[in-house]
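> what's the 3D shape of this:
(chains A, B, C and D)
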Protein chains: 4
Amino acid sequence: MAGASPSPQRVAVIGASGYGGLQILRLLQDHPGFEVSFLGGERSAGRRWSELTPFLPLAKDLVVQSPDPEAIAAAADFAVLSLPNGVASSLVPALLAKGVRVVDLSADYRFPSLAQWAATYSTEARQQNRNDDALCAEATYGLVEWAGDQLAGARLVGAPGCFPTASLLALMPLLQQGLIEGEGIVIDAKTGASGGGRAAKEHLLLAEAAEGVAPYGVVGHRHTAEIELLASRASGRSIQLQFTPHLMPMVRGLLATVYGRLRDPGLTAEDLTTLFQVTYRDHPCVGVLPVGTYPSTKWVRQTNRALISVAVDKRTSQVVVMSAIDNLLKGQAGQAVQCLNVMTGQPQETGLPLVPFYP
Amino acid sequence: MAGASPSPQRVAVIGASGYGGLQILRLLQDHPGFEVSFLGGERSAGRRWSELTPFLPLAKDLVVQSPDPEAIAAAADFAVLSLPNGVASSLVPALLAKGVRVVDLSADYRFPSLAQWAATYSTEARQQNRNDDALCAEATYGLVEWAGDQLAGARLVGAPGCFPTASLLALMPLLQQGLIEGEGIVIDAKTGASGGGRAAKEHLLLAEAAEGVAPYGVVGHRHTAEIELLASRASGRSIQLQFTPHLMPMVRGLLATVYGRLRDPGLTAEDLTTLFQVTYRDHPCVGVLPVGTYPSTKWVRQTNRALISVAVDKRTSQVVVMSAIDNLLKGQAGQAVQCLNVMTGQPQETGLPLVPFYP
Amino acid sequence: MAGASPSPQRVAVIGASGYGGLQILRLLQDHPGFEVSFLGGERSAGRRWSELTPFLPLAKDLVVQSPDPEAIAAAADFAVLSLPNGVASSLVPALLAKGVRVVDLSADYRFPSLAQWAATYSTEARQQNRNDDALCAEATYGLVEWAGDQLAGARLVGAPGCFPTASLLALMPLLQQGLIEGEGIVIDAKTGASGGGRAAKEHLLLAEAAEGVAPYGVVGHRHTAEIELLASRASGRSIQLQFTPHLMPMVRGLLATVYGRLRDPGLTAEDLTTLFQVTYRDHPCVGVLPVGTYPSTKWVRQTNRALISVAVDKRTSQVVVMSAIDNLLKGQAGQAVQCLNVMTGQPQETGLPLVPFYP
Amino acid sequence: MAGASPSPQRVAVIGASGYGGLQILRLLQDHPGFEVSFLGGERSAGRRWSELTPFLPLAKDLVVQSPDPEAIAAAADFAVLSLPNGVASSLVPALLAKGVRVVDLSADYRFPSLAQWAATYSTEARQQNRNDDALCAEATYGLVEWAGDQLAGARLVGAPGCFPTASLLALMPLLQQGLIEGEGIVIDAKTGASGGGRAAKEHLLLAEAAEGVAPYGVVGHRHTAEIELLASRASGRSIQLQFTPHLMPMVRGLLATVYGRLRDPGLTAEDLTTLFQVTYRDHPCVGVLPVGTYPSTKWVRQTNRALISVAVDKRTSQVVVMSAIDNLLKGQAGQAVQCLNVMTGQPQETGLPLVPFYP
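The predicted structure follows:
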């Protein structure tokens, strides 16, 4: 808490009543370096926060406002956008022009060009008439552990969501060191139902989603392209991989079980665990478990921590990396706060819970 | 119901109050061809069934008895054993000698030799002094869809459990036709908590297992050997694969997501779906879904049906087969009844629910 | 199964893809006396059933049709309506006029007059211009165990829903015998989320409803009036009671915990258990548990059975009656089939599951 | 955080690896005024904490020790005991004699005399040969909001558990003001499965407890006596009430729905809500909701806050008070820390989370 500035920075939260927004508000409430100064939302504009959300009182009982860039810039130094894909880009250019630094939780600024974004988000690309290619090129990919020095000074951050976060934290050390083959990588991911958002959809009803497990988006899920982009960048080769998400009967939590073939079959789980520990040594939001201890998503529930475990099967030369996060924190809103911390020169974990209440 | 014999066959259920036993009793209650004539159990011996299980009244309110082979043989033509690994083999020789035909739900008779069994179940092998190698060789592996003609006349059946059942139903068509490579097969499996049995264990408490997902038995889970044995037999090659089970926060259900590399990259999901449909055409306990429809374990909850879907990723030449079952029915007790049906000349699905109550 | 007619009666299911409709279809699939001959639904009209619901194949793969009375009457002898309150009454007069006998699962025909209905369902009364007062007076209240002889010949049945069913099965024996005081009755009810229906609503999302318990409709829930109506009729006095529903984090199941003051403080739990057993002796869809055994909703999951237990506190002279049902079967669709059974002269439990798959 | 002492007080946590212990450790980790200096436990004595609980790293990686009073007193100023009923009293006299102040989470010091304790905890009374009647008389009942001035100087606190806490926070304002009748009070309580502790028991397995709701301990549950004791003390009359706990299919959370008859039928929900707000004005761990807003246990999950709502039914003159807490925090470990705060002159809510991560 030593890093807290004398007067906290002002943050606008746009999309406040969705799950991403709720987490941001909850995190900033305990944060020594930020204060929430603007609540933006279309659906609930004009309503007082305390009516909307009696269980999450804010220090100031703000009224939710329509997210007008002028009003946001008047009230805030930073904006965190938790909006549907395609919508964020209609706000961002104006915000940046007015000097507001932005962390965007949508996919709008995760690709280095509009063309690459539009290739994956074709429906949104048809609906929005985007021409902010330069911003796509400028934006920093906000996976803090791998973002490098660029993040500290960034005006615009495209923060990755839950699947890429868990997957990339598991893959990057192996790819960067060239330890696994580029072909045959399998990411079998499991996510809680809150990953589908707060808008009511039949398949996310408790009656539908409880007491069952099902795959979805098999072959061609949108996050495949994003993961491959970063994986290719890290390894210096073009990586194509198999990504399959599954819906779990639980509220929060995400586990990526990542399979790859070792190039050097002599490597052991202990070797790789050491590599991971060294890689993430200065990153308190990632923990590496001892060999033979496997993470439950429950161990990171309501924390901004990823827990990773590495196993090796000597018979098959396969490495299995298990990576557990809270999909709404390290996989969404916590990551945004972690970005804000770096952007303001605070220690990256400032104000972020790293230890769970168990069970 | 046309296949019902005039007088039903008598079945002894040993291990009656565990989850496997409860399912057997429930299934046989509606079965036109069998009646439960003996309840065996050590823990609850001497107690009346109606006291033990007020919610599952039986036609006859039997008293649970210690599983003495003499008493079993006097009361029953068939015995279904739902006992811990290693324990079944202490009963089976005597039962067979007295003319009782046996379906065993443990792993004791799933391997063709004692040596292969002992290699995987080494702890049990040290505890039990087995010398029934001939029975291991004689026993039929009770995955009905792939058991062949031998099952009808079998005295002794080792019925596979939930993981091998879901995995093999997905893999066998591909391996038998030589459509996927023998290397790089990944089985990522997800099971409900009832798969861990009814004996109280800390990690299976609701407080521990709910609201979380975790891998376990990573690299070297015992079912790996069993799956590889059958897979190798089907493909005529020695198959080594990666099998990783995960514990899901739900009561029942199991999903195996199976990944393999196609030998012929021109094959489509439609081609393979047709192959699966043809393969399982005469097997009403397996359904093959249209391309693009993925199974939820909820769709097979409390049924003896497996639902399978096949996807192909042209970019990576990977095939993804998703296979959903109820771990306690098609993955355990329902399979035993399906075996009994074939052993007595009844249609294999007799008395077995194939359609769920949804949700 | 002896009671099955030589040729099954034809049933139209209107509102087929909601939870009520799905249960009806599932139940009738195993029923020896009925066949589904018409599927009605606005939202999915024109679509083939097998596409809509791949996990619940029907004997005939019907196309869902708009619920036109003419078409229904041409295809069916009976109709089960699973429609929103107020909507059923726009179909029923025409159906009856064409000779179709109707079981309605909405509240439209549960009150003996339009005025009483409109007093409770005022919103719906403003939207619908009902003038079928005579049908309200004619309709039979379809709680089979208390419906009396009238049900067998009824043209129109208003079947009670989950809360009144569980509550009244617990209260009626006490009220009819005058054993509890008319004042101070408390019904504390707990229901699974499927009771809220299949239409997507935010508060029923898994992310919202899991891992939490909350009351709703406190003071003045609509079912209060319906329960009081029947309770008053049984006791010959005007009964006013406290009914509080709670939403449980589970899919199916409903428990009503009913509290009342005994008039004769000398009565014991054993006395009252005997009374309940005698009352429900000829009703196989109600089970009365021994004193000291309390029902879990899980013991009746996916069955059409109510399980009831009675406790007495000598210190306070209070009786506590616990009544567990499956909200979608005995609390909705199973009750409809039970009504149809009686209306066609079959044993009331024909084709209805009474024993659960546990766990 | 201004209230933090320059050097934190040292706390011993006995029963560290149970759910109560885990919460204490988690709470104290963020607490400015305390540090954990001793971990006690029989089962895990001799083992390093980081091995036992890889997901909850402590500032100091202590070794768990057998709870010897000498060793505890050497290491700690305060002890929090999370032990089975009857066991705490074998440690407490020695701890107090050595100057350690104790907060006990068992029932051992919640009754003002050994006789009253033994009347309710007769099994434990037979096993333990207690003669610490004077300590029973001395101990303070640690429901902070109602404990009065005595708590600040207490050597020994018997902290109430989850059911009495939720029930008494709802009842006390009404009883103290004499607003409800002494007869006919009903407490219908719903608790998550973690309330049953971490020791493995069959009925608390996920497979058993998920997807079901059931009453238990109907008539005569041990907490009845404790609630009545405090209720009688507050009202100046002898209160006998009906308390019925129910097991919910969730990990954490407890809801008490409390029913009572108003003496003055003219009182409204608004009147009573004002009374509750005034009563708890200076108690930040209790929130009173506006009329018509009902608490979900999810709104207080992993917080030390109780949320209360009051409804009145004019027709029946019944008041319904709904009281939601997290059973492991405000209902157990959080309450202990709240007591420690008061005992050390810190604001009662110091270091305690009051706002949830939702969902």
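> Worst mean pLDDT across the helices and strands of chain A, which element?
The helix or strand of chain A with the lowest confidence, counting by mean pLDDT, DSSP states H and E, is helix A:49-52 at a mean of 92.
> Chain B contacts on the stretch 151-300 of chain A?
Counting by C-beta under 8 Å from any C-beta of the partner chain, the residues of the stretch 151-300 of chain A lying close to chain B are A:183-184, A:186, A:188, A:190, A:207-208, A:210-216, A:218-220, A:240-242, A:244, A:246, A:248-253, A:255, A:257, A:259, A:261, A:294-299. Every C-beta, even on glycine, is put in place using the N, C-alpha and C of the backbone.
> near chain D, which of the residues you listed show up?
Checking these against chain D (C-beta under 8 Å from any C-beta), the matches are A:Ala210, A:Glu211, A:Val251, A:Arg252, A:Pro295, A:Ser296, A:Lys298, A:Trp299.
> what helix or strand is the second one on?
Following DSSP states H and E, one finds A:Glu211 outside all helices and strands.
> quick one, what contacts it?
Residues in contact with A:Glu211, defined by C-beta atoms under 8 Å, 6 or more residues apart in numbering or on different chains, are A:Pro249, B:Met250, B:Val251, B:Arg252, B:Gly253, B:Lys298, B:Arg301, B:Pro359, C:Val251, D:Ala210, D:Glu211.
> Among these, the buried ones, what's the ChimeraX command?
To isolate the buried members of the contacts of A:Glu211 in ChimeraX, using 16 or more other C-beta atoms under 10 Å in any protein chain shown:
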select /A:249 /B:250,251,252,253,298,301,359 /C:251 /D:210,211
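> Using TSV, please lay out the contacts of A:Glu211 together with secondary structure and pLDDT.
Formatted as TSV, the contacts of A:Glu211 follow (DSSP: H, G, I helix; E, B strand; the rest coil; pLDDT from 0 to 100):
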residue	secondary structure	pLDDT
A:Pro249	coil	98
B:Met250	coil	98
B:Val251	coil	98
B:Arg252	coil	98
B:Gly253	coil	98
B:Lys298	helix	98
B:Arg301	coil	98
B:Pro359	coil	97
C:Val251	coil	98
D:Ala210	coil	98
D:Glu211	coil	98
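> Redo the contacts of A:Glu211 as JSON lines? Include distance to B:Gly197.
Conversion of the contacts of A:Glu211 to JSON lines gives the following (distance: C-beta to C-beta, whole Å):
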{"residue": "A:Pro249", "distance to B:Gly197": "20"}
{"residue": "B:Met250", "distance to B:Gly197": "16"}
{"residue": "B:Val251", "distance to B:Gly197": "13"}
{"residue": "B:Arg252", "distance to B:Gly197": "13"}
{"residue": "B:Gly253", "distance to B:Gly197": "16"}
{"residue": "B:Lys298", "distance to B:Gly197": "22"}
{"residue": "B:Arg301", "distance to B:Gly197": "19"}
{"residue": "B:Pro359", "distance to B:Gly197": "26"}
{"residue": "C:Val251", "distance to B:Gly197": "23"}
{"residue": "D:Ala210", "distance to B:Gly197": "15"}
{"residue": "D:Glu211", "distance to B:Gly197": "18"}
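> Which one of the contacts of A:Glu211 is nearest to A:Phe163?
Nearest to A:Phe163 among the contacts of A:Glu211, counting by C-beta to C-beta, is A:Pro249 at 18.1 Å.
> quick one, phi psi at the closest one?
Backbone torsions for A:Pro249, taken as degrees, to the nearest 10, come to phi -80, psi 60.
> cool, A:Gly184 as well?
phi 80, psi 10.
> Helix, strand, or coil at A:Val321?
State at A:Val321, reduced to three classes by DSSP: H, G, I helix; E, B strand; the rest coil: strand.
> for A:Gly40, phi and psi?
Main-chain torsions, A:Gly40, degrees, to the nearest 10: phi -120, psi 140.
> so after the least confident helix or strand of chain A, what's the next helix or strand?
Next along the chain after helix A:49-52, taking DSSP H and E as the criterion, comes helix A:69-75.
> Report the distance from the helix or strand following that following helix to the chain centre.
Downstream of helix A:69-75, the first helix or strand assigned by DSSP H and E is strand A:78-81. Distance, stretch centre to chain centre, for strand A:78-81: 14 Å (C-alpha atoms, centre = their mean, to the nearest Å).
> so what's the residue of the stretch 1-150 of chain A at minimum distance from chain D up against?
Going by C-beta to the nearest C-beta, chain D is nearest to A:Phe55 of the stretch 1-150 of chain A, at 3.5 Å. By C-beta under 8 Å, 6+ apart, the contact list for A:Phe55 reads D:Pro295, D:Ser296, D:Lys298, D:Trp299, D:Val300, D:Leu307, D:Val355, D:Pro356, D:Tyr358.
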